[in-house]
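I'll drop the sequence and a predicted model, then ask my questions.
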Amino acid sequence: MDFPVSLDSYQRVRLPSSLSFLTHLLLLLHPGEMHSEEVRVIGHGEPILAHVGDEVEFSCHLSPYRDAEHMEIRWFRSQASDVVHLYRERQEFYGQQMAQFQNRTELVTDEIADGSVTLRLHPVVPADEGPYGCRFLSSDFTGEAVWELEVAGLGSDPHISLEGFKQGGIQLRCSSSGWYPKPQSQWRDHQGRCLPPETEVIVKDAQDLFSLETSVVVQGGTHSNVSCSIQNPLLGQKKEFVVQIAEKLKKQAEKDRGKLQVELDWRRAEGQAEWRAAQQHAVDVTLDPGSAHPSLEVSEDGKSVSSRRMAPGSADGDPQRFSEQMCVLSRERFSTGRHYWEVHVGRRSRWFLGACLAAVPRVGQARLSPAGGYWVMGLWNGCEYFVLDPHRVALTMRVPPRCVGIFLDCEAGKLSFFNVSNGSHIFTFTDTFSGTLCAYFRPRAHDGSEHPDPLTICPLPVREKRIPEEEDSDTWLQPYEPSDPALAVW
C-alpha cells in the first residue's frame, strides 16, 4: 500500500525499537483493530431439553472474561420485566421474581469473578417451556443472551384392559398418564401391522400433563397378541405393552360361544396371574397360643386351630354379631412390606380368616368390620360365603375353596383373598391400615358338622395347588344364584 512519507521529517524522528516501529506501522494500516475487544454475553446456543420433574441449569458468561461480582445479572422469560431470578451487588433479590419461580431457583456464583454464573431451576414443570434470557448490566456495559427451553415428560407404562365383545371382536382399552407434550398412540398386531383405533381421547390435567385413553376392536382368531405403544414426539421415546390373547379365548371367540364365558375366562386368567405374583411373598406364619380364646385348641407346632365342642345353647351365634371373639392371632406382626400365607379350611362349615389390628380388643367386641380393625372373609353354616366391608357382602364361587390364600400389601393398603383350589381371586379389601397387623383365624364353634376339619396353616414353600378334576365341578356349596352371573367367578 502506498502512502506519502517525507524523507526530511523521517530523518528528524529518532528511530524507535523494531517492535515499537511495527506497532506504529500497524496503527497506520488498521487503526480500529487495536482497540480493546468488545464484551459479549454468551448463553446457550441451542435449545435446552429438560424432563418434567428434573433440574435444569441456565449458564451465562462474559467473553472475554470480566469480573461480574458487582454487576446486575437478571434471568428473565420473554422480556426483561418477567424476572426469573435477580442478582445485584452481591445480593439476590426475590421481590420482583415471578410467582411460578419462587422457591424453585438456585444461583451458583463460584466463578462470578471470571464473569460466569449458573441458575438452577427445579423441579421442571410443563409451564416452564418457552424463551429465557440473561442480562448483565454495569455502569459501562449492557449485554444479554437468549435461548429456548423445551420440556418433555415420559408418562406411565400403558395399561391394557379387556372391555368385552363388540362388533364381532374383542374390545381392548389402553390408558396411560403423565405425558408432555401431547403423546401419540399406536396399536399393532403380532406381525407389526398397525391396527386402526376405535376411539382415542387425550386430556390435560391441572399440571398440564396429558393422559391418553385409546381402544381397539380385535377380531377373534386374527391376532395371537396385540401391542399398545405410546410415544413422546419430542423425545422420540415410547412405552409399549403387549397383551397375549389366550388360545382358549380366541377359540371361544371364533366359535361365538358368548360374551359372558369369554369375560369369565379372562378374569380368571388375570386372577391366577395376581395369585402367582402374591405367592412370591410367602411367609412362615404360626399361631400364638397366648392370644387364643379358651374355647379354641391350638396344636403344639402352632400350625392348626380347632374349636372344642360347646354346651348346647352356647353356639357362636350370628356371623356378624357375637359376644366374644373366639379367635387366635399369629405370632408375626406386619407393619410394612408384602406377605402371603395359605390356610387349609377343608370342608369345615364355619370359619373366619383375614387380618386385624394387633391392638384391637378381642373380647366384648360387638361387631366385626374394617372400621373396628378387622378385615375378614368367612363361611357360615356351610352355605354362605361373605366378607364384612363393613356390612355383610355375600360371595358366590364356582369352586368352593378348600384352601384360602391371603395376601397383605401394607403400603398399598390392600388385603386380598384367593381360592387356591383354582387360583382365582375372591375379594380385596382396600383401606388405610392405622397400625400393626397380624393374621386372624377363627374356626367358629363346632356345629355338629361331619367335616370338623381344623384350620391349618399350609407349609412353605407355597406350591400351586388344584383340587382333583372330579371336584372341579363340585356344587355342594351353591346357596343361591347371583344377580349378576359375571360375578360368579369371584
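Thanks, I have it.

least confident secondary structure element in the protein?
Within the chain, confidence by mean pLDDT, DSSP states H and E is lowest for helix 7-12 among all helices and strands, at a mean of 38.

what is the mean pLDDT for the helix or strand harbouring S185?
Using DSSP states H and E, the element containing S185 is strand 184-189. Strand 184-189 carries an average pLDDT of 93.

check contacts around C410.
Listed by CB atoms under 8 Å, 6 or more residues apart in numbering, the contact set of C410 reads 334-339, 433, 437. Placement of C-beta: from N, CA and C, glycine included.

re earlier: now the element after the strand holding S185, going C-ward?
Note on strand 184-189: by DSSP H and E, the next helix or strand toward the C-terminus is strand 194-195.

ok, that following strand: who's next to it in the sheet?
Here strand 194-195 is paired, per DSSP bridges, with strand 184-189 (antiparallel).

mind listing what's buried along the partner strand?
By 16 or more other CB atoms under 10 Å, the buried positions in strand 184-189 come out as 185-189.

between those, which is nearest L162?
Taking CB to CB as the measure, L162 lies nearest W187 of these, at 14.3 Å.

which ones are touching the closest one?
Applying CB under 8 Å, 6+ apart to W187 gives the contacts 174, 194-197, 214, 216, 226-228.

would you mind measuring from R347 to V151?
Distance of R347 to V151, given as CB to CB, to the nearest Å: 62 Å.

the stretch 251-400 of the chain: helices as residue ranges?
Assigned by DSSP state H, counting those that start in this stretch, the helices in the stretch 251-400 of the chain fall at 259-279.

pLDDT at the residue positioned nearest the centre of the chain, what is it?
When CA atoms, centre = their mean is applied to the chain, the residue found nearest the centroid is S156 (7.4 Å). On the pLDDT scale, S156 is placed at 94.

tell me how far it lies from G178.
In terms of CB to CB, S156 sits 5 Å off from G178.

Q219 too?
For Q219 relative to G178 (CB to CB), the value is 32 Å.

between these two, who's got more neighbours?
G178 (17 against 13; other CB atoms under 10 Å).

go through the helix or strand containing the more buried one and flag the buried ones.
Following DSSP H and E, one finds G178 within strand 169-179. Buried residues in strand 169-179, counted by 16+ other CB under 10 Å: 169-179.

farthest-separated two in those residues?
Pairwise distances across the buried residues of strand 169-179 (CB to CB) peak at 29.9 Å, for the pair G169 and G178.

where in the stretch 301-450 of the chain is pLDDT low?
Within the stretch 301-450 of the chain, the stretches with pLDDT under 70 are 309-325, 361-371, 390, 445-450.

ranges for the strands of it?
Secondary structure of the stretch 301-450 of the chain (DSSP state E, counting those that start in this stretch): strands at 304-307, 328-329, 338-344, 351-357, 374-380, 384-388, 392-395, 403-409, 414-419, 424-430, 437-442.

summarise which helices and strands the second one is packed against.
Meaning strand 328-329. Identification of packing neighbours for strand 328-329 by 3 or more CB pairs under 8 Å, 6 or more residues apart in numbering; DSSP states H and E yields strand 437-442.

give me the contacts around the strand it packs on.
Residues from elsewhere that reach strand 437-442 (CB under 8 Å, 6+ apart): 285, 287-288, 305, 325-335, 341, 343, 351-358, 374, 376, 378, 406, 408, 410, 455.

which of those are buried?
For the contacts of strand 437-442, buried by 16+ other CB under 10 Å: 285, 287-288, 305, 325-330, 332, 334, 341, 343, 351-358, 374, 376, 378, 406, 408, 410, 455.

give the contact list for the residue nearest to the centre of the chain.
176-178, 239.

ok, those vs L49, which is closest?
Nearest to L49 among these, counting by CB to CB, is G178 at 17.2 Å.

leaving out sequence neighbours, find the closest residue to the closest one.
Counting by CB to CB, 6 or more residues apart in numbering, G178 lies nearest to G155, which is 3.9 Å off, once chain neighbours are set aside.

run a quick neighbour tally on the one you found.
Using other CB under 10 Å, G155 has 19 other residues around it.

how close does it get to V203?
G155 sits 13 Å away from V203, going by CB to CB.

where do the contact lists of the two overlap?
What both G155 and V203 touch, as defined by CB under 8 Å, 6+ apart, is the set 210-211.

residues contacting the closest residue to L395 other than its chain neighbours?
Counting by CB to CB, 6+ apart, L395 lies nearest to Y385, which is 4.2 Å off, once chain neighbours are set aside. Going by CB under 8 Å, 6+ apart, Y385 touches 377-379, 394-397, 400, 477.

out of those, which end up buried?
Taking 16+ other CB under 10 Å as the criterion, what is buried in these is 377-379, 395-397, 400, 477.
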